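S.K.: kindly return the folded structure for what I paste below:
(one chain, ligands or ions: 1)
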Amino acid sequence: METKRLLLRRLTTDDSERIEELAGDYDVAKSTLNIPHPYPKGSAIQFIENIFSAEKSEKIIMFAITEKESQLLIGLININLSAPYKRGELAYWVGKQYWGKGYGTEATKALLEYGFNQLNLNKIFAASFTSNPGSWRIMEKVGLKYEGTLKQHVARFGQFYDLAYYGLLKEEFEKEIQKKSLDNK
Ligand SMILES: CC(C)(COP(=O)(O)OP(=O)(O)OC[C@H]1O[C@@H](n2cnc3c(N)ncnc32)[C@H](O)[C@@H]1OP(=O)(O)O)[C@@H](O)C(=O)NCCC(=O)NCCS
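M.R.: Here you go, the predicted model:
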C-alpha cells in the first residue's frame, strides 16, 4: 500500500533487527501494552514468526511502515481481527526520531481504508492511554469517534492507565467519503 510518503508492506524476517532498534526505545514501548522492555536481543524474529502464524489464522494483519525516501522501516501498524463481528482493532508505533511528521496519521488513514474497502470490516476501533495524546489525536484525525474511557483498565510498568476507545462504522466511513466527494464537486 502506498501513501504520499510511505510504503506499507508485509513484514519479513529481515526486519527483525530494525524492529529491535526502534521498538527497543523505552519511549516507544511505554505507551503500548505489548512491546517488551528491555527488548530481548534476537527476539524480534520470534515476534515476526508469531505474526506470520497469527496472519495465517486470520487473527491479525500487520504492515511495516516504511519511508519511501529512505526505504527504511520506521514503524509497524496492524489490525487485530474479530472475524465473527467483522471488527478490527488498530494498533501502531512509529520510531521516536520519526515522531511529529504526520507519519502515524498517514499510515493509519491507509489502514482504515484497507480495513473497510479490502477486508470489508463493519467496524474499526482503537484504544489509547488517555495520557498518550499522540495516539488519540491520530484516531481523531482519521475520523474515528470517541466512544468512552475505561478507568485504570490496564497497568504498565507498575502504573495504572485509563484507556480511551475510539471507533468508526463502515456506514459512517462511507457517508464521510460521499460527503467529501460532493464537497469536491
Ligand atoms: C503515537 C504515535 C504513533 C504518533 O505517531 P506520529 O507519527 O508522531 O503522529 P503524527 O505525527 O501523525 O501526529 C498525530 C497528531 O498527534 C499529535 N502528537 C503527536 N505526538 C504528540 C505528543 N507527544 N503530545 C501531543 N500531541 C502529539 C500531533 O501533533 C498530531 O496532531 P496535530 O496534527 O493536531 O498537531 C507515536 O508517538 C508512537 O509510536 N508512540 C509510541 C507507541 C504508541 O504510543 N503507540 C500507540 C499505542 S495506542
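
S.K.: around the ligand, which positions in this protein sit nearby?
M.R.: 28, 31-32, 92-94, 99-105, 128, 132-135, 137-138 (CB under 6 Å from any ligand atom). All C-beta spots, glycine's among them, are computed from the backbone N, C-alpha and C.

S.K.: now with 5 Å, please.
M.R.: Selection of the chain residues close to the ligand by CB under 5 Å from any ligand atom yields 28, 31-32, 93-94, 99-100, 102-105, 128, 132-135, 137-138.

S.K.: out of these, which are inside strands?
M.R.: Those of the residues of the chain next to the ligand mapping onto strands are 93-94, 128, per DSSP state E.

S.K.: before we move on, the earlier item: of the residues of the chain next to the ligand, keep whichever come out buried.
M.R.: For the residues of the chain next to the ligand, a neighbour count by 16 or more other CB atoms under 10 Å gives the buried set as 28, 31-32, 93-94, 103-105, 128, 132, 135, 138.

S.K.: for these, which one is nearest residue 144?
M.R.: residue 138 (8.6 Å; CB to CB).

S.K.: need the contact list for that closest one.
M.R.: By CB atoms under 8 Å, 6 or more residues apart in numbering, residue 138 lies in contact with 92, 104-105, 108.

S.K.: farthest-separated two in the residues you listed?
M.R.: Going by CB to CB, the pair spanning these furthest: 92 and 105, at 10.0 Å.

S.K.: coming back round to it: tabulate the ones in strands among the residues of the chain next to the ligand (TSV), appending pLDDT.
M.R.: Output for these, formatted as TSV (pLDDT from 0 to 100):
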residue	pLDDT
93	98
94	98
128	97
